[in-house]
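>>> turn this into a structure:
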Amino acid sequence: MISTAVIAEEFEGEDMPVSQWAVLTIIEANPEIDQSRLAGVVSIDKTNTGRLVDELEAKGLVERRVNEADRRVWMLRCTPLGHKVRKRLRPRALATQEMLLSCLEPAERELFIDLMSRVVTANEKYARPGAGRRKPKSR
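Model prediction:
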């Protein structure tokens, strides 16, 4: 929550909500990722992932292409404008990471990131849409 708040504050006035930034970042790093896989990577349900992709596409930052092997699958990639926006905002995003980790010494930062990566990897099964939601009580 802290990280999300910090980057949202840094991007204020940019018309780039944190959720769109996360999706754009993953698409740029994984050209031709399919929309279903994207949902899994960002741990957002497919409906909301589709909505975020729609918003990025409307801004001209992302384009969808039909997968020739399976025409039901949408492949995603950044447009030249999407790359330009990522390049422009990336230093600000990295500055927020620097600010968040500034309380740690360089060696501690490396250790912290390594430990957090291990925690995430060990618990990936919980990083899926809907994980942790309570099941409805039967009446």
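
>>> pull the CA atoms of the helix or strand of the chain with the lowest mean pLDDT into CSV?
Ranked by mean pLDDT, DSSP states H and E, the weakest helix or strand in the chain is helix 35-42, scoring a mean of 88. Extracted in CSV, the C-alpha atoms of helix 35-42 (Å, rounded to 0.1, in the frame of the first residue of the first chain):
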residue,chain,number,x,y,z
GLN,A,35,-4.0,-11.1,-22.3
SER,A,36,-4.8,-14.1,-20.2
ARG,A,37,-1.1,-14.6,-19.2
LEU,A,38,-0.9,-10.9,-18.4
ALA,A,39,-3.8,-11.3,-15.9
GLY,A,40,-1.9,-14.0,-14.1
VAL,A,41,1.4,-12.0,-14.0
VAL,A,42,-0.2,-8.9,-12.6
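
>>> state the mean pLDDT of whichever helix or strand comes after it.
Using DSSP states H and E, the helix or strand that follows helix 35-42 towards the C-terminus is helix 46-58. Confidence for helix 46-58, expressed as mean pLDDT, is 94.

>>> hang on, the earlier thing: ok, residues contacting the least confident helix or strand of the chain?
Here helix 35-42 makes contact (Cβ atoms under 8 Å, 6 or more residues apart in numbering) with 22-23, 26-27, 30, 33, 45-46, 49-50, 53, 64, 73-74, 76, 128-129. The C-beta positions use only the backbone N, C-alpha and C, and glycine is treated the same way.

>>> list the buried residues of stretch 63-71.
Glu63, Arg64 (16 or more other Cβ atoms under 10 Å).

>>> my bad, stretch 34-53
Within stretch 34-53, judged by 16+ other Cβ under 10 Å, the buried ones are Asp34, Gln35, Leu38, Ala39, Gly40, Val41, Val42, Ile44, Thr49, Gly50, Leu52, Val53.
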